[in-house]
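Peer 1: what follows is a predicted protein model with its sequence.
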Amino acid sequence: MGIFERFLSVWVGLGMLVGIGGGLAFPQLFTFFGELQYAQINMVIAVLIWLMIYPMMLHVDFASVSQMHKRPKGLVITIVINWLIKPFTMALLAMLFIRYIFGGWISPELGEQYIAGMILLGVAPCTAMVFVWSQLTKGDANYTVVQVAINDLIMVVAFAPITAFLLGVTDITVPWDTLLLSVSLFVVIPLIAGAFTRHMIKNEQRITKLAATLKPFSIIGLVGTVILLFGFQAETIIANPIDIVLIAIPLLIQTYLIFALAYLWMNKWKQPHNIAAPGAMIGASNFFELAVAVAISLFGIHSGAALATIVGVLVEVPVMLSLVAYANRTRKNFVQDVSAG
């Protein structure tokens, strides 16, 4: 393990501080970078995420991907956790904390918007960053691609009705440009690039060496993403510290709860660690671009719902890194055979 991976939490912590400090000291610069977006997806962050994802995609073998249906248990767990459990636990936790536990500190009107934003996060499982978490936990690249792809297909048909049900809104317009662009940028294009690279090199040892060479750039991309995310929201963080903490608490509980449910279930069903860890990460993390886009379209850019989705963005990376560390420490508790059913 290199210096970048060994001290990853330190680099991310420094990135958070640099982002907040930079956002306050150079607001125009971060505003410029922040405006480089299309369909709520920031193009600078998209490049950094692509830099993180590409090394993992080098390990994807399409022949192995075609055999994933023979190992369905990990996929079943991912689907059940993400679509039959996660949205509803998020709604319950949001209402419990915002309406009742924190009701004395938050006005009812603003509280309902915070709840709406958190629900939007709960209905949007991760598409992009899960590839990073999978790589950091030595996940099965082939299986992770299939898990993400199935979630994206379900999201196309399930996101709107579940969101409408939980928010009590009759008409939810799915931002198709955000959904399709994200899937293209973070799944399809890197997958094609990885397959093309494998085709050109045609040597597994050289492919592994290339992926190892690119790994430090992947970590740099992660830290750069953290700097930008915190820099974009530096003024919001400073202006709303109490509300951000109050919103973050149920989001943190939700993240650890969903990870625990999926991770323990994977272990119970004797899934190998390289399937269990990424599978648990998908539900624990969120498709925050989609959640932010819907929050803004429904409630406005300066709404409490939009703020709640942004808090989800801010807490995700450090929280997920803590889960990556836990998953790596508990690897020995899982079956290691990648052929397990």
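Peer 2: Here it is on my side, so go on. Numbers count the residues shown, from 1 in each chain.
Peer 1: show me where the protein has strands.
Peer 2: 37-38, 41-42 (DSSP state E).
Peer 1: need these in CSV (columns: distance to residue 169 and mean pLDDT).
Peer 2: All C-beta atoms are positioned from the backbone trio N, CA, C, and that covers glycine. CSV is the format used below for these (distance: least, CB to CB, whole Å; pLDDT from 0 to 100):
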stretch, distance to residue 169, mean pLDDT
strand 37-38, 25, 90
strand 41-42, 24, 91
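Peer 1: deepest of the ones you listed, which one?
Peer 2: strand 41-42 (a mean of 20; mean count of other CB atoms under 10 Å).
Peer 1: ok so, going back, export the strands of the chain to TSV and tack on distance to residue 105?
Peer 2: Formatted as TSV, those follow (distance: least, CB to CB, whole Å):
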stretch	distance to residue 105
strand 37-38	33
strand 41-42	31
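Peer 1: residues touching the spatially closest residue to residue 106 that is not a sequence neighbour, list them.
Peer 2: Among residues not flanking residue 106 along the chain, residue 98 sits closest, at 6.2 Å (CB to CB, 6 or more residues apart in numbering). For residue 98, the contact set (CB atoms under 8 Å, 6 or more residues apart in numbering) comprises 106, 111, 114-115, 118, 246-247, 250.
Peer 1: those in helices, which ones?
Peer 2: Here DSSP state H is the test, and these give 111, 114-115, 118, 246-247, 250 as lying in helices.
Peer 1: and residue 7, which of the strands of the chain is closest to it?
Peer 2: strand 41-42 (26.4 Å; CB to CB).
Peer 1: give the pairing partners of the closest one; include direction for each.
Peer 2: strand 37-38 (antiparallel) (DSSP bridges).
Peer 1: tell me which residues are up against the strand it pairs with.
Peer 2: 43, 177, 181.
Peer 1: name the nearest residue to the first one, ignoring sequence neighbours.
Peer 2: Leaving aside its chain neighbours, residue 43 sits nearest to residue 36 (4.8 Å; criterion: CB to CB, 6+ apart).
Peer 1: again, but for the last one
Peer 2: Excluding the flanking residues, the one nearest residue 181 by CB to CB, 6+ apart is residue 39, at 5.0 Å.
Peer 1: show me the contacts for the residue lying closest to residue 105 once chain neighbours are set aside.
Peer 2: Spatial nearest neighbour of residue 105, chain neighbours left out: residue 246 (6.4 Å); criterion: CB to CB, 6+ apart. Residue 246 is in contact with 97-98, 102, 105-106, 114, counting by CB under 8 Å, 6+ apart.
Peer 1: show me the contacts for the closest residue to residue 293 other than its chain neighbours.
Peer 2: Distance criterion CB to CB, 6+ apart; nearest residue to residue 293, sequence neighbours excluded, is residue 40 at 3.9 Å. Contact analysis of residue 40 by CB under 8 Å, 6+ apart lists 175, 178, 289-290, 292-293, 296.
Peer 1: same check, this time on residue 57
Peer 2: Contacts of residue 57 (CB under 8 Å, 6+ apart): 131, 141, 145, 190-191, 193-195.
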